[in-house]
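Visitor: Sequence and predicted structure, then a few things I'm wondering about:
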Amino acid sequence: MDLLSSTLLKLAIPLATIAAVLFFLRRRGLSARHELGLDAPRAMPAALWMAAWIGWMALTEWAIVAWGLDQAKRWPDYPPHIVALRVAAIGLAGPAAEEVVFRGLAIGRLRRTRLGTRGAVVLAALGWAAVHVRYGPATMAQIAADGLLLGAARVMTGSLYVPIAMHALGNLLSIWQSTHP
């Protein structure tokens, strides 16, 4: 598969995932806004969660270096249109899709079970970490911890937009690290 096709696939998969979730909810007669938490957050809690996330990212960057965890891999010298598509896919669409599935749909549905809100957040974080199985155990543990924070932000703000923004910021930092020496 050539570079453009594989890059477009990286963009198409998360977009198709979001479309599938929305289709599933509509078929069941459920409100995407209610089920996923698609409500605008209040400014102050959103800003506090973003600030906490930036602090968490600084701490995890220190831990990655101190403990020799997986680093962001250097990107080859891609043409500008491939870089733009990869940023859209990995930095924006990917985080949006993962948050729709794990912090939106999973937490939204599981919190109404015997698990309750805390159990839903933990299970969603563990499920999200399991999706990243290609990384080593220490990195998967860090991803699970990230998932706990993303889930807490979702629950505490009542909005999926906050963890989407947090996740996108983390992925965009990783992209920046992969494209700059």
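Guide: The structure has been received and is ready for your questions.
Visitor: got the contact list for the closest residue to residue 172 other than its chain neighbours?
Guide: Using C-beta to C-beta, 6 or more residues apart in numbering and skipping residues adjacent in sequence, the residue nearest residue 172 is residue 91, 4.5 Å away. For every residue, glycine as well, the C-beta is placed using N, CA and C. By C-beta atoms under 8 Å, 6 or more residues apart in numbering, the contact set of residue 91 is 168, 171-172, 175.
Visitor: In terms of helices and strands, where is residue 167?
Guide: Residue 167 belongs to helix 161-179 when elements are defined using DSSP states H and E.
Visitor: Could you export the contacts of residue 91 as a markdown table, including neighbour count, pLDDT and distance to residue 124?
Guide: Converted to a markdown table, the contacts of residue 91 look like this (neighbours: other C-beta atoms under 10 Å; pLDDT from 0 to 100; distance: C-beta to C-beta, whole Å):
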| residue | neighbour count | pLDDT | distance to residue 124 |
| --- | --- | --- | --- |
| 168 | 18 | 98 | 18 |
| 171 | 19 | 97 | 18 |
| 172 | 15 | 98 | 22 |
| 175 | 17 | 97 | 24 |
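Visitor: got the contact list for residue 94?
Guide: Residue 94 neighbours (C-beta under 8 Å, 6+ apart): 10, 14, 171.
Visitor: Compile those residues into JSON lines and extend it with columns for distance to residue 122.
Guide: Below are the contacts of residue 94 laid out as JSON lines (distance: C-beta to C-beta, whole Å):
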{"residue": "10", "distance to residue 122": "29"}
{"residue": "14", "distance to residue 122": "24"}
{"residue": "171", "distance to residue 122": "22"}
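Visitor: Need the residue closest to the centroid of the chain.
Guide: residue 95 (3.7 Å; C-alpha atoms, centre = their mean).
Visitor: does it count as helix, strand or coil?
Guide: Reduced to three states with DSSP: H, G, I helix; E, B strand; the rest coil, the structure at residue 95 is helix.
Visitor: That one reaches residue 175, doesn't it?
Guide: No: in this structure, residue 95 is not within contact of residue 175 by C-beta atoms under 8 Å, at 11.1 Å.
Visitor: So, low pLDDT: which residues of the protein?
Guide: Counting by pLDDT under 70, not a single residue of the chain qualifies.
Visitor: if you set the cut-off to 90 instead, what comes out?
Guide: In the predicted model, the chain carries pLDDT under 90 at residues 1, 67-73, 134-136, 138-139, 180-181.
Visitor: those helices in it, which residues are they?
Guide: Here the chain has its helices, by DSSP state H, at 3-27, 32-36, 43-67, 80-86, 94-99, 107-110, 116-131, 137-157, 161-179.
Visitor: Which among those is found nearest to residue 74?
Guide: Closest of the helices of the chain to residue 74 is helix 161-179, at 5.9 Å (criterion: C-beta to C-beta).
Visitor: Just the C-alphas of that closest one, formatted as PDB.
Guide: Provided in PDB are the C-alpha atoms of helix 161-179 (Å, rounded to 0.1, in the frame of the first residue of the first chain):
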ATOM      1  CA  TYR A 161     -15.200  17.600  24.700                       C
ATOM      2  CA  VAL A 162     -12.800  18.100  27.600                       C
ATOM      3  CA  PRO A 163     -11.200  14.600  27.400                       C
ATOM      4  CA  ILE A 164     -11.100  14.900  23.500                       C
ATOM      5  CA  ALA A 165      -9.200  18.200  23.800                       C
ATOM      6  CA  MET A 166      -6.800  16.600  26.500                       C
ATOM      7  CA  HIS A 167      -6.200  13.500  24.400                       C
ATOM      8  CA  ALA A 168      -5.600  15.500  21.200                       C
ATOM      9  CA  LEU A 169      -3.100  17.800  23.100                       C
ATOM     10  CA  GLY A 170      -1.200  14.700  24.200                       C
ATOM     11  CA  ASN A 171      -1.100  13.200  20.700                       C
ATOM     12  CA  LEU A 172      -0.100  16.500  19.100                       C
ATOM     13  CA  LEU A 173       2.800  16.700  21.600                       C
ATOM     14  CA  SER A 174       3.800  13.200  20.600                       C
ATOM     15  CA  ILE A 175       3.600  14.200  16.900                       C
ATOM     16  CA  TRP A 176       5.700  17.300  17.500                       C
ATOM     17  CA  GLN A 177       8.300  15.200  19.300                       C
ATOM     18  CA  SER A 178       8.300  12.800  16.300                       C
ATOM     19  CA  THR A 179       8.800  15.600  13.800                       C
END
